[in-house]
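# Prediction below, plus the sequence it came from.
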Amino acid sequence: RTRTKTGSAATANAMTMERDPRDRRYHRQAPERTGPIRFRTTFRNVIYDVFKARGWKETDSDQDWDVAWIDTGWLREFFDGMHLDDHQMINHFRNHYELTRKDLLIKNLKRMQRALAREDRMGEAARFEFFPQTYVLPADYGLFVEEFKQQPGAFWIMKPIGKAQGKGIFLFNKLSQISDWKKDHRWKPNGVRDEKEQQTPQAETYVVQKYLENPLLIGGKKFDLRIYALVTSYMPLTVYLYRSGFARFSNSRYEITKNTLTDNYVHLTNAAIQKTAPGYEKDVGCKWPLRSFKLHLISQFGVARIDELFLGIQQIIINSLLAVQKVIINDKHCFEVYGYDIMIDEALKPWLIEVNSSPSISADSQADYDLKYGLLDDVYTILDPEGLLDDELYEQAGGFDLIYHNGPVKVDKQSEYTSKLGCFDDRARNLKKLFKQHGKAQRAAAASR
């Protein structure tokens, strides 16, 4: 049983520092509760099952609850006008979009890079070269055109900043192919007003990125990875990484040609899109457990290279969070489960595609349900609204591993891997051990009184 030091917010220097997870000089306070936990949510999927299985009581009150799992729309509408009691917990940070909106994510990553470069810390700045070349349109259209002309024949991908599940995404390799987008009739209602007080429309905002034309393929098909990270605090930055996740595969074999340019079943791995593909087999699906995926890669490339790859993915997650640490409004009531989408190229370099503030918590198979149930149940084991555990930060809690707490957590030197991501998820055994140890500690404390 281990706990981790807390303290002031991590600076960029913390990227090269390590914290011993057994440091006991600081701790968080376990909440005190009487009666069942009251939860509020409008979701009727895995999260609802988790709450009910923990014996919690549902309430439809807007204020009188202990735990709320809400969507970001509710957050925007109500959160700023609410006063939360000390014990209340909510599943989003106020301005989560600094990390999860595509254009703001890139802005913050680039800003971090520039800040490190100005301090002549080029090695650390180079660690942020994990996102594709990106421009925000229409604001950066002129800059993009200049770059586009420098790379004739290259493929680019357009993504609307505020949509999910692959909606509105398309590929192109000629400027004429986005002329329809420039003339699009869909406008945002936030344009400036002219002298007659009529609103001047603005084109919908997109990010345009250099398309990764050389992805690693398995069975000739493209894939990306869904990785889950839990942030319980930005001050100090405290990050848990879930061992389990999955690879999402396209339904069609990968080929980048003019003929396949508009074929989303080739280029996009979103499950919502692939489920509509001709020949899609519901019983088989398009997901592969992360551990099976990792073992396959080890068989192809060896332990050392794949361990380096997965440690690189873990470092991408930490660095992306460091990039927004100073702009996210930290709140003791808030936490967030982020869904990271990662691609791997044929050189085994990982790339950050996007970060989701509301990763799907609905299941499309029993394996998917089991994964998400364990994930969400372990989130609330860590948050511990019932006050069942000691006032500690555990090095492992269920399927989560603590990877950062005001600095990187030291790696177990006896382990074969430097990252536990994709390793065997022994969550049931760990939870049993966790609560058994806590019971012993309680009995010992009672005997000493």
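Nice, I can see it.
# Tell me where this structure has helices.
Using DSSP state H, the helices of the chain run over 46-53, 72-78, 97-100, 102-118, 122-126, 141-150, 179-182, 264-267, 271-274, 290-301, 303-324, 366-383, 427-448.
# Can you say which of those helices is nearest to Gly35?
helix 46-53 (15.1 Å; Cβ to Cβ). In short, each C-beta sits where N, CA and C put it, glycine included.
# now that closest one against helix 366-383, angle please.
60 degrees (axes from the mean of the first three to the mean of the last three Cα atoms, to 10 degrees).
# From the chain's centroid, how far away is helix 46-53?
From the chain centre to the centre of helix 46-53 is a distance of 21 Å (Cα atoms, centre = their mean, to the nearest Å).
# Tell me which residues of it come out buried.
Using 16 or more other Cβ atoms under 10 Å as the test for burial, helix 46-53 gives 46-51.
# likewise stretch 238-256?
238-252, 254, 256.
# before we move on, what about stretch 373-393?
So for stretch 373-393, counting by 16+ other Cβ under 10 Å, buried means 373-386, 389-390, 392-393.
# which stretches of this structure aren't confidently modelled?
The chain contains residues with pLDDT under 70 at 1-34, 180-203, 439-449.
# Tally up the residues packed near the nearest residue to Tyr338 once chain neighbours are set aside, please.
Nearest residue to Tyr338 in three dimensions, chain neighbours excluded: Ala229, at 4.9 Å (Cβ to Cβ, 6 or more residues apart in numbering). Residues contacting Ala229 under the criterion other Cβ atoms under 10 Å number 23.
# measure Ala229 to Asp66 for me?
As for Ala229, its distance to Asp66 is 24 Å (criterion: Cβ to Cβ, to the nearest Å).
# Over to Gly302?
48 Å.
# neighbour count winner among those two?
Shown here are Gly302 and Asp66; by other Cβ under 10 Å, Asp66 has more neighbours (21 against 10).
# Hmm, Asn214 and Phe155 touching each other?
No: contact criterion Cβ atoms under 8 Å: Phe155 and Asn214 do not qualify, at 10.9 Å.
# between those two, who's got more neighbours?
Taking neighbours as other Cβ under 10 Å, Phe155 and Asn214 compare with Phe155 leading, 17 against 11.
# For Ala272, see how far away that one is.
Phe155 sits 23 Å away from Ala272, going by Cβ to Cβ.
# For the residue lying closest to Gly279 once chain neighbours are set aside, list the residues it contacts.
Of all residues beyond its chain neighbours, the one nearest Gly279 is Asn251 (6.8 Å), with distances taken as Cβ to Cβ, 6+ apart. The contact partners of Asn251, by Cβ atoms under 8 Å, 6 or more residues apart in numbering, come to 221, 265, 274, 277-280, 286.
# Distance of the residue nearest to Tyr338 relative to Phe400?
In terms of Cβ to Cβ, Ala229 sits 9 Å off from Phe400.
# so what sits against both of these two?
By Cβ under 8 Å, 6+ apart, the residues touching both Ala229 and Phe400 are 240-242.
# now, which of the residues you listed lie within strands?
Residues from these lying in strands, with DSSP state E as the criterion: 240-242.
# Let me know the closest of those to Phe335.
Among those, Tyr240 lies closest to Phe335 (Cβ to Cβ), at 9.9 Å.
# Just give me how far stretch 267-286 sits from the chain centre.
22 Å.
# quick one: buried residues of it?
The neighbour-count check on stretch 267-286 (16+ other Cβ under 10 Å) flags 267-271, 273-274, 277, 285-286 as buried.
# Same question for stretch 130-144.
Under 16+ other Cβ under 10 Å, the buried positions of stretch 130-144 are 130-132, 134-137, 141, 144.
# quick one: the strands in the stretch 151-300 of the chain?
For the stretch 151-300 of the chain, the strands defined by DSSP state E, counting those that start in this stretch occupy 156-160, 170-172, 187-188, 202-203, 206-210, 221-234, 237-242, 246-253, 287-289.
# okay, those strands, which one's buried deepest?
strand 237-242 (a mean of 24; mean count of other Cβ atoms under 10 Å).
# For that one, report the contacting residues that lie outside it.
For strand 237-242, using Cβ under 8 Å, 6+ apart, the contacting residues are 4, 6, 9-10, 14, 227-232, 314, 317-318, 321-322, 325, 375, 378, 382, 393, 397, 399-406, 419-421.
# Likewise for stretch 272-288?
Under Cβ under 8 Å, 6+ apart, the answer for stretch 272-288 is 165-166, 223, 246-252, 264-265, 268-269, 271, 364-365, 367-368.
# Quote the end-to-end distance of that stretch.
Start-to-end span of stretch 272-288 (Cα to Cα, to the nearest Å) is 16 Å.
# repeat for stretch 228-245
By Cα to Cα, the extent of stretch 228-245 from end to end equals 7 Å.
# Wait, Gly245 touches Gly422, no?
Yes: taking Cβ under 8 Å as the definition, Gly245 is a contact partner of Gly422 at 7.4 Å.
# shared neighbours of the two, anything?
Leu290.
# Make JSON lines out of the strands of the stretch 151-300 of the chain and add distance to Phe310.
Listed next are those as JSON lines, based on distance: least, Cβ to Cβ, whole Å:
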{"stretch": "strand 156-160", "distance to Phe310": "25"}
{"stretch": "strand 170-172", "distance to Phe310": "29"}
{"stretch": "strand 187-188", "distance to Phe310": "39"}
{"stretch": "strand 202-203", "distance to Phe310": "39"}
{"stretch": "strand 206-210", "distance to Phe310": "24"}
{"stretch": "strand 221-234", "distance to Phe310": "10"}
{"stretch": "strand 237-242", "distance to Phe310": "10"}
{"stretch": "strand 246-253", "distance to Phe310": "13"}
{"stretch": "strand 287-289", "distance to Phe310": "14"}
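# do you know which of those lies nearest Ala126?
strand 206-210 (18.0 Å).
# Give me the residues contacting that closest one.
102-103, 106, 132-137, 144, 151, 154-161, 168, 181.
# Tell me which strands it pairs with, and in which orientation.
Strand 206-210 has the following sheet partners, assigned by DSSP bridges: strand 134-137 (antiparallel), strand 156-160 (antiparallel).
# is it possible to export these to TSV including distance to Leu175?
Below are the strands paired with strand 206-210 laid out as TSV (distance: least, Cβ to Cβ, whole Å):
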stretch	distance to Leu175
strand 134-137	12
strand 156-160	10
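# among the ones you listed, which is nearest Val337?
strand 156-160 (22.2 Å).
# Is it correct that Ile317 is in contact with Leu230?
No: checked against Cβ under 8 Å, the pair Ile317 and Leu230 is beyond contact range at 10.7 Å.
# Quick check: bridge partners of the nearest residue to Tyr141 once chain neighbours are set aside?
Of all residues not flanking Tyr141 in the chain, Tyr135 sits nearest, at 7.7 Å (Cβ to Cβ, 6+ apart). Beta-bridge pairing for Tyr135 (DSSP bridges): Val208.
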